[in-house]
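Participant: All I have is the shape, not the residue letters:
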DNA sequence: AACGTGTTCATGTCTACACAAATTGGAAAC
DNA sequence: GTTTCCAATTTGTGTAGACATGAACACGTT
């Protein structure tokens, strides 16, 4: 029962509280002691307790309301915090040698489905880039991307022979809003060819739409090689 | 040039800094002013600036290092903060009426692949639950789950006729570590039957492994109906 | 030129205190 | 009994100041 030298810090408090939740000492819906009381128990200031509890709440463990106090969430909507990987990093992390190859790149009027999807003006110019990503010369991902010229005029000067459109965009356009969708689709002739699959094979597919301050920037469809698994821990 | 009444708060500082990044005023890799300087500019204490900048760093906009200072991340590894939805919520959010149906539930010795996957002891008992989730009587998800009895002894008393194993677990077991994997697989006879699909159809599939303080709790494989899209924004 | 070594500076965290904001719960008024 | 309103409580956020930590940089030695 030491009173002040418990190897403190808000991290210690966080961990201790988490342990009490996970051990069942503090069941779901339990009303926890107030910050004041915890500050006493941990012999620190309320500020420190506040930081610990605030972060636990942000991470989805606790629910806090003024005057009502803090309670353990019963049906925790845990937030998976999965980082969107860049293909190059993903490949290299898995021990492969990354290789990029441009298939085609041309600026054309947006097709109707893209106009509808991104709420463009009819005929607005878009650069259509198709390319492949390899891991040690095995197909890894086939990418089919449209970049809206008006939102990113620099795209007309970009040379996608040497750099992938995603890496180029990330370097060129500042932070954006993203909508990411995953699905299972069926390999058509083209995709099957590039990924070296039988036609009609299931393909893990991701769609990515990016905006910059309300302006549509790019639409990308990415087809992953057979057996691809996207994993996240939390 | 007011000096103190700028509608302050760490939120205001966060937004202002974000605006400067997104407007291009502070380009990627730019070294930002120190907390001291920003505190002067916003006429507040360093503590307040610190909170704003710390949160922006947590959100993936900035990179901070002692002595080296704070800079704008060039290749932002944005973190998708997607909440794992419970099937019921997902269905109801989409306007459907949720219905659950148990297919089978029995406690048996763990099959070898599960022993290997979760590092169990050979023959450790597991409850195998198979069930369906419907949205207004349309198949939505087929779930095939194993629950390790030793880690969750209460499972022997659970009645999965009325409550789904996921909802039951969330109510019963406190917070856990989760590994979630998404993939595209091919519908076998069983899955195709339950989801009312042609055999060999691509199926969006999720695997979920859950641990409680190092102990394996459950392994679940979830097969989604045709056309399922998992979307997240950030 | 290469290698430690120590200074310096930006961020990380804490104390101690204060007031604001939200909301509960009960007292007072009807 | 019902409604209204006030006071108490709890979290949210701020100020002011301090020391800790880690990394960059300059300096001096080899």
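Facilitator: Looks like it arrived, so ask away. What you see is a predicted model, and the numbers here were worked out from it, not measured in a lab.
Participant: What residues does chain A have near DNA strand C?
Facilitator: Within chain A, the residues that sit near DNA strand C (CB under 7 Å from any atom of the strand) are A:8-12, A:43-48, A:51, A:65-68. Using the backbone N, CA and C atoms, a C-beta is placed for each residue, glycine as well.
Participant: Apply 10 Å and report the result again.
Facilitator: Contact residues, chain A versus DNA strand C (CB under 10 Å from any atom of the strand): A:4, A:7-14, A:31, A:35, A:39, A:42-52, A:65-69.
Participant: Go through these and flag which are in helices.
Facilitator: A:10-14, A:35, A:39, A:46-52 (DSSP state H).
Participant: JSON lines for those, including distance to chain B?
Facilitator: Putting those into JSON lines (distance: CB to the nearest CB, whole Å) gives the following:
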{"residue": "A:10", "distance to chain B": "12"}
{"residue": "A:11", "distance to chain B": "14"}
{"residue": "A:12", "distance to chain B": "18"}
{"residue": "A:13", "distance to chain B": "16"}
{"residue": "A:14", "distance to chain B": "13"}
{"residue": "A:35", "distance to chain B": "17"}
{"residue": "A:39", "distance to chain B": "18"}
{"residue": "A:46", "distance to chain B": "15"}
{"residue": "A:47", "distance to chain B": "9"}
{"residue": "A:48", "distance to chain B": "13"}
{"residue": "A:49", "distance to chain B": "16"}
{"residue": "A:50", "distance to chain B": "11"}
{"residue": "A:51", "distance to chain B": "9"}
{"residue": "A:52", "distance to chain B": "15"}
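Participant: Filter these down to the buried ones, PyMOL style.
Facilitator: Buried subset of those, written as a PyMOL selection, criterion 16 or more other CB atoms under 10 Å in any protein chain shown:
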select buried, chain A and resi 10+13+14+35+39+48+49+50+51+52
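Participant: Put together JSON lines for the ones in helices among the residues of chain A next to DNA strand C, with distance to DNA strand D and pLDDT on each row.
Facilitator: What follows is those, written out as JSON lines (distance: CB to the nearest atom of the strand, whole Å; pLDDT from 0 to 100):
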{"residue": "A:10", "distance to DNA strand D": "12", "pLDDT": "96"}
{"residue": "A:11", "distance to DNA strand D": "12", "pLDDT": "96"}
{"residue": "A:12", "distance to DNA strand D": "13", "pLDDT": "96"}
{"residue": "A:13", "distance to DNA strand D": "13", "pLDDT": "96"}
{"residue": "A:14", "distance to DNA strand D": "14", "pLDDT": "96"}
{"residue": "A:35", "distance to DNA strand D": "4", "pLDDT": "95"}
{"residue": "A:39", "distance to DNA strand D": "9", "pLDDT": "95"}
{"residue": "A:46", "distance to DNA strand D": "6", "pLDDT": "96"}
{"residue": "A:47", "distance to DNA strand D": "5", "pLDDT": "96"}
{"residue": "A:48", "distance to DNA strand D": "10", "pLDDT": "96"}
{"residue": "A:49", "distance to DNA strand D": "8", "pLDDT": "97"}
{"residue": "A:50", "distance to DNA strand D": "5", "pLDDT": "97"}
{"residue": "A:51", "distance to DNA strand D": "8", "pLDDT": "97"}
{"residue": "A:52", "distance to DNA strand D": "10", "pLDDT": "97"}
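Participant: from the ones in helices among the residues of chain A next to DNA strand C, which is closest to residue A:124?
Facilitator: Within these, proximity to residue A:124 (CB to CB) peaks at residue A:51, which comes in at 47.8 Å.
Participant: Now do the contacts for the closest one.
Facilitator: residue A:10 (CB atoms under 8 Å, 6 or more residues apart in numbering or on different chains).
Participant: Spell out, range by range, the helices that occur in chain A.
Facilitator: Using DSSP H, helices in chain A cover A:10-22, A:35-41, A:46-58, A:87-93, A:112-118, A:165-172, A:189-195.
Participant: Can I get those in JSON lines including distance to residue B:155?
Facilitator: Below are those laid out as JSON lines (distance: least, CB to CB, whole Å):
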{"stretch": "helix A:10-22", "distance to residue B:155": "18"}
{"stretch": "helix A:35-41", "distance to residue B:155": "34"}
{"stretch": "helix A:46-58", "distance to residue B:155": "28"}
{"stretch": "helix A:87-93", "distance to residue B:155": "36"}
{"stretch": "helix A:112-118", "distance to residue B:155": "45"}
{"stretch": "helix A:165-172", "distance to residue B:155": "45"}
{"stretch": "helix A:189-195", "distance to residue B:155": "41"}
